[in-house]
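**Student:** what follows is a predicted protein model with its sequence.
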Amino acid sequence: MPTDTPDRILRLNAVLDRTGLSRSTLYRKVQTGTFPKQVRIATRCTGWRESAVNDWMRNPMFYSVADHPRL
(Lines give C-alpha, C1' and ligand atoms only; values in the text may rest on other atoms or scores of the structure.)
Protein backbone atom coordinates (compact mmCIF):
# COMPACT_ATOMS: atom_id res chain seq x y z
CA MET A 1 0.00 0.00 0.00
CA PRO A 2 1.81 3.16 -1.18
CA THR A 3 1.89 6.22 1.02
CA ASP A 4 2.34 9.88 0.16
CA THR A 5 4.87 10.48 2.93
CA PRO A 6 8.52 10.42 1.87
CA ASP A 7 10.88 7.85 3.33
CA ARG A 8 12.97 9.39 6.12
CA ILE A 9 16.70 8.88 6.47
CA LEU A 10 17.83 7.77 9.92
CA ARG A 11 21.32 8.53 11.18
CA LEU A 12 23.45 6.01 13.07
CA ASN A 13 22.38 6.92 16.60
CA ALA A 14 18.69 6.76 15.69
CA VAL A 15 19.18 3.31 14.13
CA LEU A 16 21.09 2.08 17.18
CA ASP A 17 18.34 3.39 19.49
CA ARG A 18 15.56 1.77 17.47
CA THR A 19 17.22 -1.60 16.99
CA GLY A 20 19.08 -2.02 20.28
CA LEU A 21 22.15 -3.19 18.37
CA SER A 22 25.68 -2.09 19.20
CA ARG A 23 27.63 -0.15 16.58
CA SER A 24 29.96 -3.07 15.81
CA THR A 25 27.08 -5.55 15.54
CA LEU A 26 25.19 -3.22 13.20
CA TYR A 27 28.15 -2.85 10.83
CA ARG A 28 28.87 -6.59 10.98
CA LYS A 29 25.26 -7.30 9.96
CA VAL A 30 25.53 -4.79 7.09
CA GLN A 31 28.67 -6.59 5.89
CA THR A 32 26.99 -10.01 5.97
CA GLY A 33 23.82 -8.73 4.28
CA THR A 34 21.55 -9.31 7.26
CA PHE A 35 20.84 -5.59 7.81
CA PRO A 36 19.98 -2.90 5.22
CA LYS A 37 22.87 -1.03 3.64
CA GLN A 38 23.44 2.66 4.22
CA VAL A 39 22.56 5.28 1.66
CA ARG A 40 24.93 8.15 0.94
CA ILE A 41 23.48 11.52 1.92
CA ALA A 42 26.57 13.62 1.23
CA THR A 43 30.29 13.08 0.67
CA ARG A 44 30.98 12.02 4.26
CA CYS A 45 27.45 11.40 5.49
CA THR A 46 25.34 8.23 5.37
CA GLY A 47 22.10 7.02 6.87
CA TRP A 48 19.51 4.28 6.58
CA ARG A 49 16.07 4.40 4.99
CA GLU A 50 13.45 4.25 7.72
CA SER A 51 11.40 1.79 5.68
CA ALA A 52 14.39 -0.57 5.38
CA VAL A 53 15.01 -0.47 9.13
CA ASN A 54 11.30 -1.11 9.75
CA ASP A 55 11.42 -4.11 7.37
CA TRP A 56 14.36 -5.50 9.31
CA MET A 57 12.61 -4.93 12.65
CA ARG A 58 9.56 -6.92 11.49
CA ASN A 59 11.67 -10.07 11.07
CA PRO A 60 15.33 -9.62 12.05
CA MET A 61 16.15 -13.34 12.22
CA PHE A 62 15.35 -14.00 8.56
CA TYR A 63 16.11 -10.62 6.95
CA SER A 64 18.34 -10.70 3.88
CA VAL A 65 19.36 -7.81 1.65
CA ALA A 66 18.96 -10.15 -1.33
CA ASP A 67 15.23 -10.37 -0.55
CA HIS A 68 14.89 -6.55 -0.72
CA PRO A 69 16.31 -5.48 -4.11
CA ARG A 70 15.18 -1.85 -3.85
CA LEU A 71 17.34 -1.21 -0.80
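**Tutor:** Structure received.
**Student:** residue ranges of the strands in this protein, please?
**Tutor:** Listed in chain order, the strands of the chain (DSSP state E) span 9-10, 39-42, 45-49.
**Student:** out of those, which gets nearest to residue 28?
**Tutor:** strand 45-49 (15.0 Å; Cβ to Cβ). Where you see a C-beta, it was placed from the backbone N, CA and C, and this is true even at glycine.
**Student:** and residue 56, what's its pLDDT?
**Tutor:** Residue 56 is assigned 95 on the pLDDT scale.
**Student:** make TSV from the strands of the chain and add mean pLDDT and distance to residue 21 to it.
**Tutor:** Converted to TSV, these look like this (pLDDT from 0 to 100; distance: least, Cβ to Cβ, whole Å):
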stretch	mean pLDDT	distance to residue 21
strand 9-10	96	13
strand 39-42	94	18
strand 45-49	96	12
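**Student:** of those, which approaches residue 30 most closely?
**Tutor:** Using Cβ to Cβ, those put strand 45-49 closest to residue 30, at 9.1 Å.
**Student:** can you name the residues in contact with that closest one?
**Tutor:** 7-12, 15, 36, 38-41, 71 (Cβ atoms under 8 Å, 6 or more residues apart in numbering).
**Student:** buried by neighbour count, from those residues: which ones?
**Tutor:** 10, 15, 36, 38 (16 or more other Cβ atoms under 10 Å).
**Student:** between these, which is closest to residue 66?
**Tutor:** residue 36 (11.7 Å).
**Student:** hmm, back to that, from the buried ones among the contacts of strand 45-49, which land in helices?
**Tutor:** Residues of the buried ones among the contacts of strand 45-49 located in helices (DSSP state H): residue 15.
**Student:** can you lay out the buried ones among the contacts of strand 45-49 as TSV showing distance to residue 26?
**Tutor:** Below are those laid out as TSV (distance: Cβ to Cβ, whole Å):
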residue	distance to residue 26
10	12
15	7
36	10
38	10
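**Student:** tell me the one among the buried ones among the contacts of strand 45-49 nearest to residue 64.
**Tutor:** Nearest to residue 64 among these, with distances taken as Cβ to Cβ, is residue 36, at 10.4 Å.
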